[in-house]
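K.L.:
build me a model:
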Amino acid sequence: MKELRNIAFYSRSNEVFDCLDEEIFQRWNFFLASPDIASPKLDRVYNPSLLIIDTYSLGIEFLNFIFEHSRYKTTPVLVLDFYTEKPFIENLIYKGASGYLLVHSFADELDTAMSAILEGRNYVSDQLEIYKGNTYLIK
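P.N.:
Numbers count the residues shown, from 1 in each chain. Predicted coordinates:
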């Protein structure tokens, strides 16, 4: 049996998992942490293969903290937020993120994004244009 990879998911909301199919939990070993900069609990997950940072709930400051944390200099980061502006997303990739997902397309694209990033490729949501101008639309 294939060993599951550890995925550290930093968010203030566990609701993100409610929208996922059970099948995804058979392929990935998720650990949900609800940190802040004062208490990041970064040691909670041993040797994560990927960090998912929900900047929608945690804020961009937490992402910057992760980028500066020496323990995760080589760990790929997938950012989850609602922004559709290309310069904003390009800046996140430039700063060190390996991928970007919209909160609106999270359930549809998570597995694809994680696979791409863990294969060494960057991934940016292919649904940006669909939601452009509809940043507050709830799917």
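K.L.:
so how far does stretch 92-107 reach from one end to the other?
P.N.:
Start-to-end span of stretch 92-107 (C-alpha to C-alpha, to the nearest Å) is 21 Å.
K.L.:
and that stretch, what's buried?
P.N.:
92-93, 96-107 (16 or more other C-beta atoms under 10 Å). For every residue, glycine as well, the C-beta is placed using N, CA and C.
K.L.:
so of these, which ones are in helices?
P.N.:
When DSSP state H is applied, the buried residues of stretch 92-107 are split such that L92, I93, F106, A107 fall in helices.
K.L.:
circling back to that earlier point, for the buried residues of stretch 92-107, which two are the farthest from each other?
P.N.:
Within the buried residues of stretch 92-107, G96 and A107 form the most distant pair, 25.1 Å apart (C-beta to C-beta).
K.L.:
now the helices for this structure?
P.N.:
Listed in chain order (using DSSP H), the helices of the chain are 24-27, 55-58, 60-68, 86-95, 106-118, 128-131.
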